[in-house]
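Colleague: Could you look at this predicted model? Sequence included:
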Amino acid sequence: MGKMTLDQINKMYPDVLTEIGNIGAGNATTAIANMLNLKINMSVPHVELMPVEQIGCAIGSEDEVVVGIMLGVQNDITGSMMFLMDLPSAHHLVNRLMMRDPDYDKDFDEMDMSAIKEIGNIIAGSYLSALSGLTNMKITPSVPYVAIDMAGAILSVPAIQFGMVGDNALMIKTEMGDDLDISGYYILMPEGDSYQKILKALGLPV
């Protein structure tokens, strides 16, 4: 079979892509629930492969201020990844972790940013572990850093920070609820031939 377009892969193999989202989001939900001693359920994630330039439109308003947790991806594949969440979701998580009033919404201080990094480590590790398990590849994250800015500005960072040379991204929209409402976007942007390696390992045409 010849090389397929992103639209063809999204339409013909939604179960494969959804499995990545389900396992990653499930791992992340369990880890966060245990860390915060909460009951958290997740909805079925929406997973899609898309050109990098379309991500901004896919997540909504590019001028919305969001929290971005960004990392490099290393070993069998290289690239960058990030987890974006809106400010209410970030405040919910940090307030719970810091044992504050749920309605506390002042600007994040240094300790808050450290807590967000730890949350980012857990979420990133959960998704990369899922992808690693499905592809039998060794995939590890670098140390994360956090940015709070408009979505459009944050999405421009990986191309600069990690020298991204790939054109496509795997985007997973996830929502968690019950004791805590969290919504966010996990975005993996492979470099070079890493995108083809992932598809081949998943049994998809390249």
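Modeller: Cool, got the structure.
Colleague: Helix or strand for Lys173, just tell me which one.
Modeller: strand 168-178 (DSSP states H and E).
Colleague: For Met150, give its distance to Val94.
Modeller: Using CB to CB, to the nearest Å, one gets 20 Å for the distance from Met150 to Val94. All C-beta atoms are positioned from the backbone trio N, CA, C, and that covers glycine.
Colleague: Neighbour count: the two, which is higher?
Modeller: Between Met150 and Val94, counted using other CB atoms under 10 Å, the more crowded position is Val94 (21 against 14).
Colleague: gap between the one helix or strand the more buried one maps to and the chain center?
Modeller: Assessed by DSSP H and E, Val94 sits inside helix 87-97. Counting by CA atoms, centre = their mean, to the nearest Å, helix 87-97 is centred 17 Å from the centre of its parent chain.
Colleague: so that helix versus strand 168-178, what angle?
Modeller: For helix 87-97 against strand 168-178, the angle by axes from the mean of the first three to the mean of the last three CA atoms, to 10 degrees is 60 degrees.
Colleague: please renumber so the chain begins at 25
Modeller: With 25 as the first residue, the last one maps to helix 111-121.
Colleague: elements contacting helix 111-121?
Modeller: helix 38-60, strand 89-99, helix 134-159, strand 206-214 (3 or more CB pairs under 8 Å, 6 or more residues apart in numbering; DSSP states H and E).
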